[in-house]
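Enquirer: Everything below, folded, please.
(chains A and B)
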Protein chains: 2
Amino acid sequence: MTSPGGFEAATAVEALGDGRYRGEVLEGWDVVGNAHGGYLLSIAARALALATGRPDPVTVTAHYLRSGRPGPVTVETHVLRSGRRFATASATVSAEDGPIVSVLGTFGDLAADDGDRPELLDGGPPELPDPATLAHVVPGDPFPPAFMGNLDLRLHPADGGFLVGERSGTPRIRGWLGLRDGQPIDTLALLTMVDAMPPTVFNVELPIAWVPTLELTAHVRARPAPGLLSCDVRTRFVSAGFLEVDGEYWDSTGTLVAQSRQLALVPRGG
Amino acid sequence: MTSPGGFEAATAVEALGDGRYRGEVLEGWDVVGNAHGGYLLSIAARALALATGRPDPVTVTAHYLRSGRPGPVTVETHVLRSGRRFATASATVSAEDGPIVSVLGTFGDLAADDGDRPELLDGGPPELPDPATLAHVVPGDPFPPAFMGNLDLRLHPADGGFLVGERSGTPRIRGWLGLRDGQPIDTLALLTMVDAMPPTVFNVELPIAWVPTLELTAHVRARPAPGLLSCDVRTRFVSAGFLEVDGEYWDSTGTLVAQSRQLALVPRGG
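Expert: Below you'll find the predicted structure:
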């Protein structure tokens, strides 16, 4: 079941003054009881957009401190610089028992027309079958995780076999992604999307059952056009107890709208 | 001429109490008068290592707010979480006229033996000629920039032609990198290295003369063994007024020691 009021209501924040905001982590946006990292980042970013007076995250980094649970949160923001094009600010999202996510971000207005710019594109959207021919990923117990009920994820058939125990052998996952209620994806919702693809290592034969995110950085290049995103996430290096996940996100017009990279832990003993 | 006292002295900080540290941006660590971004990050990280009581940056992100100049700086740190393995903290580096860099980082101890871990390596160090056969990049006026005098950079011959006006056509630069005084590269010096390769786009025919860094994130996987690093930096997407630079850094034993990604601006009009 999708959140009542949609994504905007699920990530709403109310100004308390002095750069502080109140939000609410809703039920149903979790991974085995822990609030989804991208969803928490979207809540923080909504507060930062208000605090900076700039609508769009351009580059944001989240460090995950503790698991979040459904319930009220406070977002404390500090604007570090407010320039002509960009403003940089920090945010800490705290639950009653302490801080859960810390964020540093630079915000701007990606609708602004900057005129002709040099362009170089070494790559494009992944080739994906018509989304109408693909099944939605639906939440299970405990997997796929509950937050999937709010999203519209349709995996490339070559990459989705891990759901039924057939790993592709390549740590890569491609698919279509959107909001389950069909609402357009703005740049704040995009921050949920960049953490929404299943773990790449589920497609390889490694003893890794979960990959807690230590840090996630997203670069937003453009506001997505309406429609599903095509997503391509990969891992190249699992070493020293860490792995990275690199993602590319393209809108329905074939424009690169975001890149993401996260550093996740490879827990001892898998 | 290299900094007296070497890298450690050039990035030294003195505790002032209450999480505040005093440092000094030295002459000679600049790019056309502006303090080098990686060098500023190393200063901030040295303060964060002291503030958290953890020697190694694991993932750090810097947002560049204003140009830094030689002179005293203050680093104000806040520890957000101090856990068993990791501690997360923020730092703001300020000169007399305001903040110049804001950093969010998670620190740990990368010497700790975590035992056998799953490993997957899709790639390795770039193939580079014997460093003894390659020339050092030396500072010019204004380019190569002054900070190069403190580093030992020897470019792959296929990627270094841009220095004499011969672009390779590919936005990639490979080379050996170390400290000019031959000191080993610790994980704090590594944060200078991940911002030290020349701009990838100098190798392509685009009207881009400078690429100011908005944000830089480095993931440190391991402490480098003594010797030069082999480095490989690339850009895949120049779009919407931005470009990313992705770097991989390998030590002399062939171990991946760091990955970096930065988001840089493509100024209007090149």
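Enquirer: and the stretch 151-270 of chain A, which of its residues are near chain B?
Expert: A:171, A:201, A:204, A:206-208, A:214-215, A:217, A:219, A:221-222, A:235-244, A:255-256, A:259, A:261, A:263, A:266, A:268, A:270 (Cβ under 8 Å from any Cβ of the partner chain). C-betas here are computed from N, CA, C, even on glycine.
Enquirer: Just the buried ones from those residues, in PyMOL syntax?
Expert: Buried members of those can be picked out in PyMOL with the line below, counting by 16 or more other Cβ atoms under 10 Å in any protein chain shown:
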select buried, chain A and resi 171+201+204+206+208+214+215+217+219+221+222+235+236+237+238+239+240+241+242+243+244+255+256+259+261+263+266
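Enquirer: What is the burial count for the closest residue to residue A:135 other than its chain neighbours?
Expert: Nearest residue to residue A:135, sequence neighbours excluded (Cβ to Cβ, 6 or more residues apart in numbering or on different chains): residue A:154, at 6.7 Å. By the criterion of other Cβ atoms under 10 Å in any protein chain shown, residue A:154 has 21 neighbours.
Enquirer: who does residue A:154 bridge with?
Expert: Under the criterion DSSP bridges, residue A:154 forms beta bridges with residue A:176.
Enquirer: Would you check how far apart it and residue A:81 are?
Expert: Using Cβ to Cβ, to the nearest Å, residue A:154 is found at 40 Å from residue A:81.
Enquirer: Spit out the contact partners of the residue nearest to residue A:135.
Expert: For residue A:154, the contact set (Cβ atoms under 8 Å, 6 or more residues apart in numbering or on different chains) comprises A:131, A:134, A:135, A:136, A:137, A:175, A:176, A:177, A:228.
Enquirer: one more time with 6 Å, if that's ok
Expert: A:131, A:134, A:175, A:176 (Cβ atoms under 6 Å, 6 or more residues apart in numbering or on different chains).
Enquirer: try residue A:69
Expert: No residues are in contact with residue A:69 under the rule Cβ under 6 Å, 6+ apart.
Enquirer: That one belongs to a helix?
Expert: No - Residue A:69: not assigned to a helix; according to DSSP: H, G, I helix; E, B strand; the rest coil it is coil.
Enquirer: picking up where we left off before, which one (most neighbours) among the contacts of residue A:154?
Expert: residue A:175 (26 neighbours).
Enquirer: Could you list the low-pLDDT ranges of chain A?
Expert: Where chain A drops to pLDDT under 70, the residues are A:1-3, A:112-115, A:269-270.
Enquirer: what ranges do the helices span in it?
Expert: A:6-10, A:37-52, A:187-193 (DSSP state H).
Enquirer: Just the CA atoms of the shortest one, as PDB, please.
Expert: Backbone C-alpha positions of helix A:6-10 (Å, rounded to 0.1, in the frame of the first residue of the first chain) are rendered in PDB as follows:
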ATOM      1  CA  GLY A   6       2.000  10.400  -1.700                       C
ATOM      2  CA  PHE A   7       5.800  11.000  -1.500                       C
ATOM      3  CA  GLU A   8       5.400  14.700  -0.700                       C
ATOM      4  CA  ALA A   9       3.400  14.000   2.400                       C
ATOM      5  CA  ALA A  10       5.700  11.100   3.400                       C
END
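Enquirer: Buried residues of it, list them for me.
Expert: A:6, A:7, A:10.
Enquirer: Thought residue A:182 was touching the first one, still the case?
Expert: Think residue A:6. No - counting by Cβ atoms under 6 Å, residue A:6 stays clear of residue A:182, with 9.1 Å between them.
Enquirer: where exactly do the strands run in the stretch 151-270 of chain A?
Expert: A:151-155, A:172-179, A:213-220, A:229-234, A:237-239, A:242-250, A:256-265 (DSSP state E, counting those that start in this stretch).
Enquirer: Just checking: what are the partner strands of the longest one?
Expert: Taking DSSP bridges as the criterion, strand A:256-265 pairs within the sheet with strand A:213-220 (antiparallel), strand A:242-250 (antiparallel).
Enquirer: hmm, back to that, closest to residue A:103 out of the contacts of residue A:154?
Expert: Residue A:103 lies nearest to residue A:175 out of the contacts of residue A:154, by Cβ to Cβ, at 26.1 Å.
Enquirer: The closest one contacts residue A:152, doesn't it?
Expert: No - the pair residue A:175 / residue A:152 is not scored as a contact, 9.9 Å apart, by Cβ under 6 Å.
Enquirer: rewinding a little: ok, which of the strands paired with strand A:256-265 comes nearest residue A:30?
Expert: So among the strands paired with strand A:256-265, strand A:213-220 is nearest, using Cβ to Cβ, at 14.1 Å.
Enquirer: Tell me which residues are up against that closest one.
Expert: Here strand A:213-220 has contacts from A:37, A:57-64, A:187, A:191, A:194-195, A:258-265, B:59, B:106, B:217, B:263, using Cβ under 6 Å, 6+ apart.
Enquirer: For residue A:143, the count of nearby residues, please.
Expert: Using other Cβ under 10 Å, residue A:143 is surrounded by 15 other residues.
Enquirer: so what's it up against?
Expert: Counting by Cβ under 6 Å, 6+ apart, residue A:143 makes contact with nothing.
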